[in-house]
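In: this is a predicted model, with the sequence first.
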Amino acid sequence: MSQDPALYWLFILAIPVACIAWTVTHEEVFREPREYCVKRSVEERSLFRRKFFYLFTCEYCFSHYVTVFILILTHYKIYMDDWRGYLLSGFSLVWIANIYMSFYNKIRIDLKTGKLISKKEELAVKEIESD
């Protein structure tokens, strides 16, 4: 396998990994199952069960499992055509996907900050107008 297409696919396949991991661990559509998992990750007696439920609340942890699913689905390997290629591609996909999620989180924080500043300025203008 030529390295150029393999590197291209690394950055493409990391997109669904990041999307699925972020959606399950952060978005409103999965809030109830996530809250259940958070509760179980704290209250379970067994270490294994606590860690199992925790993986659905942490985007980094969950991205490893999503990556395994994507690798099974696509048979994507980087650099080597045997099991080592799967290992390298797995950790590479997780790393790139988490960079994508970090960028996405930064953008969301910046947007929320911008909205809060705008709202604060609107309230200040309304106060000045009402005086």
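Out: Received it, and whenever you're ready, just let me know what you need.

In: show me what the longest helix along the chain is packed up against.
Out: Secondary structure assigned by DSSP state H gives helix 83-130 as the longest helix of the chain. The contact analysis (3 or more C-beta pairs under 8 Å, 6 or more residues apart in numbering; DSSP states H and E) places helix 83-130 against helix 3-26, helix 59-74. Using the backbone N, CA and C atoms, a C-beta is placed for each residue, glycine as well.

In: gap between stretch 120-131 and the chain center?
Out: 39 Å (C-alpha atoms, centre = their mean, to the nearest Å).

In: centroid-nearest residue for this protein?
Out: Most central in the chain under C-alpha atoms, centre = their mean is Trp22, positioned 3.3 Å from the mean C-alpha point.

In: show me what contacts it?
Out: Residues counted as contacts of Trp22 (C-beta atoms under 8 Å, 6 or more residues apart in numbering) are 59, 101, 104.

In: got the contact list for the closest residue to Cys61 other than its chain neighbours?
Out: Take Cys61 and drop its neighbours on the chain: the residue closest to it by C-beta to C-beta, 6 or more residues apart in numbering is Leu55, 4.4 Å away. Contacts of Leu55 were listed using C-beta under 8 Å, 6+ apart, and they are 61-62, 65.

In: where does the protein dip in pLDDT?
Out: 1-3, 131 (pLDDT under 70).

In: swap the cut-off to 80 and go again
Out: 1-4, 110-112, 114-116, 121, 123-131 (pLDDT under 80).

In: on that earlier part again, could the contacts of Trp22 go into CSV alongside distance to His26?
Out: Output for these, formatted as CSV (distance: C-beta to C-beta, whole Å):
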residue, distance to His26
Glu59, 7
Met101, 9
Tyr104, 9
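
In: can you select the buried ones among the residues you listed for me in ChimeraX?
Out: The ChimeraX command for the buried members of the contacts of Trp22 (criterion: 16 or more other C-beta atoms under 10 Å) is given here:
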select :59,101
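
In: if we can go back for a sec, next, the angle from the longest helix of the chain to helix 59-74.
Out: 130 degrees (axes from the mean of the first three to the mean of the last three C-alpha atoms, to 10 degrees).
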